[in-house]
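Participant: Sharing a model prediction with you, sequence too.
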Amino acid sequence: MTTAYLLTREGKSVVVLDDGPLAGGETQRTTAHLSNALDDRYFEIERLHGQQGARLAAESHSAAIERIGAIVQLEQIDCDFERLDGYLFLPPGDTSDLLERELSAAHRAGLTSVEGLARAPLTCYDTGPCLRFPAQGQFHPLKYLAGLARAFQSAGGRIYTGTHVQTIEGGLPSRVKTAAGPVVTANAVVVATNTPVNDLVAIHTKQAPYRSYVIGAHVPRGAVAKGLYWDTLDPYHYVRLQQAPQNDAVEANPLGADTEILIVGGEDHKTGQAEDQPERYARLEDWARSRFPMMGPVEFRWSGQVMETIDGLAFIGPNPGDEPGVFIVTGDCGMGMTHGTIAGMLLTDLIQGRNNPWTPLYDPSRRTLRAAGEFAKENLNVARQYGDWLMGGEVGSADEVQRNSGAVVRRGLSLIAVHRDDQGKVHECTAICPHLGCIVAWNDAEKTWDCPCHGSRFDRLGKVLNGPANVDLVAVDEF
């Protein structure tokens, strides 16, 4: 949406096509840390992209936070936006070597105001040594997007929700065919679908999908110092506060009316490659309660999908191997809100024919030789998932599938994704992901079918939710 908004402000005629409702995808699942403290660490970005690449990464993420703040002020968007410090700290038992390396790399990247402290400003928990990253940010992503959409439409932009894009053809003009039949022609098409639905292989070998888990609980206002907090575990934990809704009922909140919501995330794993979602939520709550004992009952639980590239930075620019006019945005690396805003600035320049110093850093066609090991590891993991074709099925028959659950059943040479709804009715579709033929797995926490290869996700009845697949799982009576 940022790209659409910025292009409209430059006088372009812009149309947004969304398969579902606006913000119905991963945007509603972000914890909305606005940060120039990169998840993959500056010393690693410097190793992969050089010192100049690390400087450009710091510059672009800092500029993204500034641009979000400027848009909020210009468009008067009420979205709880504020600037605050971020703190990176170690898990118990770790030495401070990592923090020292990161401090030096951050300074080389131009973030000279980053400093080491004896501890983060948490009275309830002694983090030990940490790094303070000043002038980070946070906001309510759905309020922000709603305001951005209003500003976009006020400037002449058009939004069509419930519109499934079937095919995208590059060229001048480019053509976007919708499932309902109408075709949109444009001088430029931006595919911003979390992971590209118009790319079969090239990008998907250079990034991998992960699920990340989040809980939210009320805490007394002021009990936790405002800030963004991250530890250095792998996978790491991330924490922030969110203003509680004004209409929260006092009787429903045992801590009373004057509270904030503590948001805690972590426990990541490869999409479609875990079956212990309840245990992950439990471990996340245990971790949080040991550090924030004032937490009330956990009231919110959700997970989101993160696309991790092999070299720690997003892919933003022309789609590799495509005809001119088609651009992609993907590979958020846990930095979706800033990477998305970087995309808006960078793609606006590219579409307008302007030079931008960030172009090579985020080029989707780039080859990062020092990331060859990560490339091999992730693609070997994908190759192993095709072994699921040989499995005998998770249960012997559809009769064994419990209500409100799902399982893969072998029926002769076919593998069937079987879901039994809460009324006891059975729904069956092929278990073969239409992207590249991996076998989907049931996600009991989200009630979805998830592909363990490239992260395609489908609802309990087989309707596609996330790419790279762009069509539904085929119903059993249709094949």
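Facilitator: Right, received. Where do you want to start?
Participant: number of nearby residues for residue 414?
Facilitator: The tally of other residues near residue 414 (other CB atoms under 10 Å) stands at 12. For every residue, glycine as well, the C-beta is placed using N, CA and C.
Participant: my read is residue 422 is in a helix, agree?
Facilitator: No. Looking at residue 422 with DSSP: H, G, I helix; E, B strand; the rest coil, it is coil, so not inside a helix.
Participant: if I pick the nearest residue to it once chain neighbours are set aside, what's in contact with it?
Facilitator: Excluding its sequence neighbours, the residue lying closest to residue 422 (CB to CB, 6 or more residues apart in numbering) is residue 404, at 4.6 Å. Residues in contact with residue 404 (CB atoms under 8 Å, 6 or more residues apart in numbering) are 420-422, 447.
Participant: The residue sitting nearest the centre point of the chain sits in which helix or strand?
Facilitator: Closest residue to the average C-alpha location of the chain: residue 306 at 3.8 Å, with CA atoms, centre = their mean. Here residue 306 sits within strand 298-309, counting by DSSP states H and E.
Participant: And residue 382, by the same measure?
Facilitator: Counting by DSSP H and E, residue 382 is found in helix 372-385.
Participant: So for that helix, what gets flagged as buried?
Facilitator: If you call a residue buried by 16 or more other CB atoms under 10 Å, then helix 372-385 has these buried ones: 374-375, 378-379, 382, 385.
Participant: go on, stretch 43-53?
Facilitator: Buried residues in stretch 43-53, counted by 16+ other CB under 10 Å: 43-49, 53.
Participant: Helices - which of those land there?
Facilitator: Judged by DSSP state H, helices contain the following of these: 43-49, 53.
Participant: Need these in JSON lines (columns: pLDDT and distance to residue 60).
Facilitator: Listed next are these as JSON lines, based on pLDDT from 0 to 100; distance: CB to CB, whole Å:
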{"residue": "43", "pLDDT": "97", "distance to residue 60": "18"}
{"residue": "44", "pLDDT": "97", "distance to residue 60": "17"}
{"residue": "45", "pLDDT": "97", "distance to residue 60": "11"}
{"residue": "46", "pLDDT": "97", "distance to residue 60": "15"}
{"residue": "47", "pLDDT": "97", "distance to residue 60": "18"}
{"residue": "48", "pLDDT": "97", "distance to residue 60": "15"}
{"residue": "49", "pLDDT": "97", "distance to residue 60": "12"}
{"residue": "53", "pLDDT": "97", "distance to residue 60": "11"}
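Participant: show me where the stretch 101-250 of the chain has helices.
Facilitator: In the stretch 101-250 of the chain, the segments counted as helices under DSSP state H, counting those that start in this stretch are 141-154.
Participant: shaky segments in it?
Facilitator: 246-250 (pLDDT under 70).
Participant: is residue 138 in a bridge, and if so with what?
Facilitator: Beta-bridge pairing of residue 138 under DSSP bridges involves residue 33, residue 82.
Participant: Over to residue 229?
Facilitator: Here residue 229 sits in beta bridges with residue 87, residue 239, going by DSSP bridges.
Participant: burial measure for it, as a count.
Facilitator: Around residue 229 there are 25 residues (other CB under 10 Å).
Participant: Can you name the residues that contact it?
Facilitator: Residue 229 makes contact with 86-87, 89, 120, 122, 127, 237-240, according to CB under 8 Å, 6+ apart.
Participant: domains in this protein, as residue ranges please.
Facilitator: Domain ranges of the chain: 1-387, 391-478, per automatic domain parsing.
Participant: What ranges does the stretch 351-479 of the chain have for its helices?
Facilitator: 359-362, 372-385.
Participant: CA atoms of the first one as PDB?
Facilitator: Included here for helix 359-362 are C-alpha records, laid out as PDB according to Å, rounded to 0.1, in the frame of the first residue of the first chain:
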ATOM      1  CA  THR A 359      18.700  -0.500  -5.900                       C
ATOM      2  CA  PRO A 360      21.700  -3.000  -6.000                       C
ATOM      3  CA  LEU A 361      21.400  -4.000  -2.300                       C
ATOM      4  CA  TYR A 362      17.700  -5.100  -2.700                       C
END
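Participant: Tell me the buried residues in that helix?
Facilitator: Result for helix 359-362 [16+ other CB under 10 Å]: buried residues 359, 361-362.
Participant: how far away is residue 444 from residue 274?
Facilitator: Residue 444 is 10 Å from residue 274, where distance means CB to CB, to the nearest Å.
Participant: In the stretch 301-450 of the chain, where is pLDDT below threshold?
Facilitator: For the stretch 301-450 of the chain, counting by pLDDT under 70, not a single residue falls below.
Participant: mind running it again at 80?
Facilitator: Low-confidence segments of the stretch 301-450 of the chain (pLDDT under 80): 390-393.
Participant: Done for today, thanks.
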